[in-house]
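**Student:** Give me a model of this one.
(one chain, ligands or ions: 1)
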Amino acid sequence: MNRHVLWMACAATTFAAGIACAETAPTEVQFDETGAVAQSLTGAPGNAEEGAKVASTRPLGNCVACHQVAALTADFQGNIAPALDGAADRWSEAQLRGIVVDAKHTFPESMMPGMYKTGPFIRPGDAYTGKAAPADLPPILTAAQVEDVVAFLMTLKD
Ligand code: HEC
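**Tutor:** This next block holds a predicted model:
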């Protein structure tokens, strides 16, 4: 099941049965005034090993397109953004989660893509037509992938 279908299934369940989905939806993430997100998006801790894969995989986070990370073996690593080494010394887990979900809450002018962000309008029907407008695109990462990346970032200590 691809991540979009999974996400839609979650939304559909919430609509149909009125059951709260365990995951925080992209539009419901709560940022504090510093851009931090205190609560795990899945309600559970992430897996740092999976997070390392997400961070170095092109269609996923592809963090290494912009950042250098010594702990990753990706061949090409960009240098248009600060190296992520020591990120856990500079930022709290909540702040790192906020940066990964949507860095603009922490760095207002950021060019870093919001990894768990959708447009303001969610129109589930369009997802099945294959003609979804940009506002309907699923987030780049799932909630679980965000938590995995956060867990990986928490291992980056100098
Ligand atoms: C398109 C380029 C780009 C991509 C892709 C990108 N970032 Fe960034 N990121 C930036 C830039 C630029 C900054 C510097 C802050 C700003 O935006 O002004 C930044 C800042 C950060 C910071 C804070 C810097 C610090 O002091 O450690 C973290 C953490 C971070 N990014 C994590 C990630 C992770 C994790 C991913 C992948 C899921 C990622 N970034 C993908 C461009 C990018």
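**Student:** So which bits of this protein are right by the ligand?
**Tutor:** Residues of the chain lying near the ligand by Cβ under 6 Å from any ligand atom: 55, 61-63, 65-67, 81-82, 84, 87, 90, 96, 99-100, 103, 107, 110-113, 115, 149, 153. C-beta coordinates here come from the backbone N, C-alpha and C atoms, glycine included.
**Student:** mind running it again at 5 Å?
**Tutor:** When proximity is defined as Cβ under 5 Å from any ligand atom, the chain approaches the ligand at 61, 63, 65-66, 81-82, 87, 90, 99, 107, 110, 112, 149.
**Student:** Among the residues you listed, the buried ones, what's the PyMOL command?
**Tutor:** Applying 16 or more other Cβ atoms under 10 Å to these, the buried members can be selected in PyMOL as follows:
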select buried, resi 61+63+66+81+87+99+112+149
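**Student:** what's the neighbour count on residue 78?
**Tutor:** 13 (other Cβ atoms under 10 Å).
**Student:** Sorry, wrong one. I was asking about residue 28.
**Tutor:** Residues lying near residue 28 (other Cβ under 10 Å) number 9.
**Student:** Low-confidence regions, this structure specifically.
**Tutor:** Low-confidence segments of the chain, defined by pLDDT under 70: 1-21, 119-136.
**Student:** at 80 instead, please
**Tutor:** 1-22, 74-75, 119-137 (pLDDT under 80).
**Student:** Kind regards, and thank you for your time.
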